[in-house]
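Novice: Turn this into a structure:
(one chain, ligands or ions: 1)
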Amino acid sequence: MKKAQSPHNQRNQFSNFHFEDEKNNKTKQQSGSRSALKHMKAAVKKVFTVLFFRRKVNSKAAASVIDPRRNSNRIRGVSSSTDGWSTDTKNSSKLKLSGSSGSSTTQIGVIETTNFSYEEISKATEKFSQANKIGEGAFGTVYRGRLGDGSLVAVKRAKKTVSDKLLALEFKNEVLTLSMIEHLNLVRLYGYLEHGDERIILVEYVGNGTLREHLDGTRGNGLEIAERLDIAIDVAHAITYLHTYTDPPIIHRDIKSLNILITEKLRAKVADFGFARLSADPNATHISTQVKGTAGYLDPEYLKTYQLTEKSDVYSFGVLLVELMTGRRPIEPTKPNNERLTTRWAIQTLKRGEAILVMDPRLRRSAASTMAMEKILKLAHECLAPLRQSRPSMKKCAEVLWGIRKEFREKAFPAPPSTSHYSDTFPVRDAKVTRQQTFGIEDGDSYKFISA
Ligand SMILES: Nc1ncnc2c1ncn2[C@@H]1O[C@H](COP(=O)(O)OP(=O)(O)OP(=O)(O)O)[C@@H](O)[C@H]1O
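Specialist: Numbers count the residues shown, from 1 in each chain. Here you go, the predicted structure:
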């Protein structure tokens with residue numbers, strides 16, 4: 001953890017960072033990078049093999065990669081070339097997905113498609129204008145784009161200076177990973193373009209900012225406990241899907257509040273798959289000399305052993321739960337010493353039986369919200385266990401959170417008298433939270449999915 005907090009090892013306090021082994025020696029760095037590159041290349045090849053195979057046998061999986069425009073699935077496919085990747089922007093012999101809008105079947109294999117052209121993307125973003133810029137990360141700049149048919153997309157454009165092979169692989173990794181997944185709580189891939197020095201990914205536009213912005217109060221009206229609980233459940237569903245229901249399982253590796261996008265209805269979608277690792281290996285453990293993730297969210301056991309498993313995402317999810325309950329960032333350099341590491345401060349306070357002291361001051365206090373907050377912190381404590389074997393699976397986390405939500409609702413909304421409208425015991429903000437939102441009816445799909 002020490003290294004994770006060192007300014008030398010970080011681009012900025014909360015940015016993604018890469019660092020090498022203990023001695024940080026240059027030769028080792030180079031061989032480490034080469035080895036990491038080899039690992040990633042191997043992973044990309046494996047993914048391609050799996051992807052190609054899956055698409056052949058499972059037309060439903062292939063159909064998950066779609067164009068937002070209804071009448072055509074205009075997406076660039078993954079080439080069957082030797083490196084498993086296409087750099088051709090023309091409509092040539094690539095593995096392409098063909099949507100069949102009027103039919104339930106999807107043709108798989110080398111089939112016709114029309115790709116997003118650079119001109120099309122440039123037009124959608126008004127030549128990548130500042131006015132359309134919605135975010136910036138280590139990978140590049142994100143723009144809002146409006147396609148010819150009026151649909152909105154988020155356009156992730158890699159930095160031009162990204163000549164680094166590892167970052168180029170990050171791009172490919174994100175596209176390949178996204179092309180394998182379809183879940184209500186994960187941003188959806190619409191297309192990509194790689195041409196010359198341009199690398200662009202088009203994904204589903206999620207228009208209500210990041211979870212971090214909501215917790216900071218720079219977006220929205222502040223999140224109530226019921227909304228935070230729904231968001232935690234959405235994220236748990238998304239990661240459970242990645243760990244349990246994709247083949248091979250996917251480890252996100254960068255779960256953090258900045259990568260949780262919020263919808264207009266205050267539900268969550270997990271984004272940013274640049275670091276995701278596909279665990280094609282059935283043992284699901286990987287040793288790499290290069291640790292990836294974000295300071296404050298990184299699994300200490302992964303930092304120590306370089307062994308990556310799904311439980312590293314569980315650890316980061318634990319940090320996220322603490323963030324949701326306290327409103328604080330994982331590292332708070334301006335706070336007194338004992339409060340700088342938010343998870344340590346929150347868990348120690350919880351153990352003293354004073355969890356209420358770490359509750360986000362923006363949250364309204366009630367018996368129901370205090371109970372929910374304490375139980376969520378207890379779950380966070382389990383997720384943050386130093387040994388990964390002691391951490392629950394993401395599926396278990398989702399189940400625990402459902403239980404907490406059920407109990408919370410029962411406490412906040414005791415059986416209503418026959419004539420009553422709302423219970424007065426729960427401080428619902430009348431204008432903002434409708435009964436439907438509070439009860440999280442929207443997550444019906446993912447609930448069914450998990451419980452199926
Ligand atoms: N699908 C989207 N819809 C709306 N806004 C988005 C979307 N994707 C990203 N953004 C905005 O752009 C910002 C940066 O995006 P993202 O984290 O994907 O980029 P990155 O370069 O991969 O970042 P990182 O430094 O975390 O690797 C997000 O924090 C968010 O504000």
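Novice: how close does Val235 sit to Glu136?
Specialist: In this structure, Val235 and Glu136 are separated by 22 Å, where distance is defined by CB to CB, to the nearest Å. Any C-beta I mention is one placed from the backbone N, CA and C, and that applies to glycine too.
Novice: Looking only at neighbour counts, state which of the two leads.
Specialist: More neighbours surround Val235 than the other of Val235 and Glu136, with 29 against 10 (other CB atoms under 10 Å).
Novice: Distance check, the more buried one against the ligand.
Specialist: Distance check for Val235 against the ligand: by CB to the nearest ligand atom, to the nearest Å, it reads 15 Å.
Novice: What helix or strand is that residue located in?
Specialist: Assigning secondary structure by DSSP states H and E places Val235 in helix 225-240.
Novice: need the next SSE after that helix, C-terminal direction.
Specialist: As assigned by DSSP H and E, the chain's next helix or strand after helix 225-240 is strand 250-251.
Novice: Does anything pack onto that next one? Which helices or strands?
Specialist: strand 277-278, helix 310-326 (3 or more CB pairs under 8 Å, 6 or more residues apart in numbering; DSSP states H and E).
Novice: do that again at 7 Å, thanks
Specialist: With contacts defined as 3 or more CB pairs under 7 Å, 6 or more residues apart in numbering; DSSP states H and E, strand 250-251 has these neighbours: helix 310-326.
Novice: For the ligand, what's its nearest residue on the stretch 151-300 of the chain.
Specialist: Of all residues in the stretch 151-300 of the chain, Ala154 sits closest to the ligand, with a separation of 3.3 Å (CB to the nearest ligand atom).
Novice: give the contact list for that residue.
Specialist: When the contact criterion is CB atoms under 7 Å, 6 or more residues apart in numbering, the partners of Ala154 are Ile134, Val142, Arg144, Val203, Glu204, Tyr205.
Novice: on that earlier part again, pLDDT on the helix holding Val235, on average?
Specialist: Helix 225-240 shows an average pLDDT of 97 in the prediction.
Novice: Which residues belonging to that helix are considered buried?
Specialist: 225-240 (16 or more other CB atoms under 10 Å).
Novice: which outside residues touch it?
Specialist: Outside helix 225-240, the residues within contact range by CB under 7 Å, 6+ apart are 183, 185-186, 211, 252, 255, 260, 266-268, 270, 313, 317, 320-321, 324, 363, 369, 372-373, 376, 394-395, 397-398, 401-402, 404-405, 408, 438, 440, 443, 446, 450.
Novice: Among these, name the ones in helices.
Specialist: Cross-referencing the contacts of helix 225-240 against helices under DSSP state H gives 211, 313, 317, 320-321, 324, 369, 372-373, 376, 394-395, 397-398, 401-402, 404-405, 408, 438, 446, 450.
Novice: Phi and psi next, for the spatially closest residue to Leu189 that is not a sequence neighbour.
Specialist: In space, and not counting its chain neighbours, Leu189 is closest to Leu178: 3.6 Å by CB to CB, 6 or more residues apart in numbering. For Leu178, the backbone dihedrals are phi -60, psi -30 (criterion: degrees, to the nearest 10).
Novice: And Leu178, what's its pLDDT?
Specialist: Predicted confidence (pLDDT) at Leu178: the value is 82.
Novice: Tell me how far it lies from Lys311.
Specialist: Relative to Lys311, Leu178 is positioned 23 Å away (CB to CB).
Novice: just Ile225 next, same as before
Specialist: Applying CB to CB, one obtains 27 Å for the distance of Ile225 from Lys311.
Novice: same deal with Arg219?
Specialist: Look at Arg219 and Lys311: by CB to CB, they are 31 Å apart.
Novice: packing partners for the helix or strand hosting Lys292?
Specialist: For Lys292, the enclosing helix or strand under DSSP H and E is strand 291-294. In this structure, strand 291-294 makes packing contacts with strand 16-19, judged by 3+ CB pairs under 7 Å, 6+ apart.
Novice: next helix or strand past the helix or strand of the chain with the lowest mean pLDDT?
Specialist: Using mean pLDDT, DSSP states H and E, helix 59-62 stands out as the lowest-scoring helix or strand of the chain, at a mean of 29. Beyond helix 59-62 on the C-terminal side, the first helix or strand identified by DSSP H and E is helix 118-124.
Novice: now check that next one, is it near the ligand?
Specialist: No: Helix 118-124 stays clear of the ligand (CB under 6 Å from any ligand atom), getting no nearer than 13.6 Å.
Novice: helices or strands up against that helix?
Specialist: When contacts are defined as 3+ CB pairs under 7 Å, 6+ apart, helix 118-124 sits against strand 140-146, strand 152-158, strand 189-195.
Novice: at 10 Å instead, please
Specialist: Under the contact criterion of 3 or more CB pairs under 10 Å, 6 or more residues apart in numbering; DSSP states H and E, the helices and strands touching helix 118-124 comprise strand 140-146, strand 152-158, strand 189-195, strand 198-204.
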